[in-house]
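Engineer: For reference, the sequence and a predicted model appear below.
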Amino acid sequence: TLDGTLFPYTTLFRSDSTAPLVPVTSADALTPAEQDDLQRHEAIIAQNIGAFYAVGEALMAIRDQRLYRATYETFEAYCTEQWGFGKAHAYRLITGSKVYTALEKSPNGDTLVLPRSEAQVRALSQIKKPELQREAWVRACEEYPNGTAPARVIAVCVQAVKPTRQEKKAAKAKPKFNRT
């Protein structure tokens, strides 16, 4: 059936969740074995969708504790040789885990749908203050309630909450007192 029971995660990850997913032609219909495969693979995706966060946390611990030092001289060499990605990607994952953690820890106890990808938190990382990251994420989730906002939408929300240079200058400016 196409009522969501056969495809349990399809509307969860679509930006246009109002339109049901239907095969284009009868040749596109899935066999029962393919339906099982789809459900199995989608379950894996749903279970591991936030893996960037766990990977970032692990990389941060390895870097901070220098756990790579027995085998590699540098963190960069460890990432490249052990995992096949460079230091820049490792730092994106680490930064992503920090943003994710900041969103997870609500100052007022409310619960948010959390980001699903490193690209989403990368867009949020353009703001340093966790409260502004949260505000931008909340704005993005207003348009995409399932937390599926694309990074380009999040970037627009980030720009909307990010202080301008003038606002930053005004906040840093110290009041001047006339000494007479």
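Structural biologist: Noted; the coordinates are in hand.

Engineer: buried stuff in the lowest-mean-pLDDT helix or strand in the chain?
Structural biologist: Every helix and strand in the chain was compared by mean pLDDT, DSSP states H and E; the lowest is helix 165-172, with a mean of 72. Residues of helix 165-172 classed as buried by neighbour count (16 or more other C-beta atoms under 10 Å): none. Where C-beta positions appear, they are placed from N, C-alpha and C, glycine not excepted.

Engineer: same question, stretch 52-69
Structural biologist: Neighbour count says stretch 52-69 has 52, 53, 55, 56, 57, 59, 60, 62, 63, 68 buried, by 16+ other C-beta under 10 Å.

Engineer: Quick one: residues in contact with that stretch.
Structural biologist: 74-75, 77-79, 82, 90, 93-98, 100-101, 117-118, 121 (C-beta atoms under 8 Å, 6 or more residues apart in numbering).

Engineer: Could you tell me which of the buried residues of stretch 52-69 belong to helices?
Structural biologist: 52, 53, 55, 56, 57, 59, 60, 62, 63 (DSSP state H).

Engineer: Take those and lay them out in a markdown table including distance to residue 110 and pLDDT.
Structural biologist: Putting those into a markdown table (distance: C-beta to C-beta, whole Å; pLDDT from 0 to 100) gives the following:
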| residue | distance to residue 110 | pLDDT |
| --- | --- | --- |
| 52 | 23 | 87 |
| 53 | 19 | 87 |
| 55 | 27 | 88 |
| 56 | 24 | 90 |
| 57 | 23 | 90 |
| 59 | 29 | 93 |
| 60 | 26 | 93 |
| 62 | 32 | 95 |
| 63 | 32 | 94 |
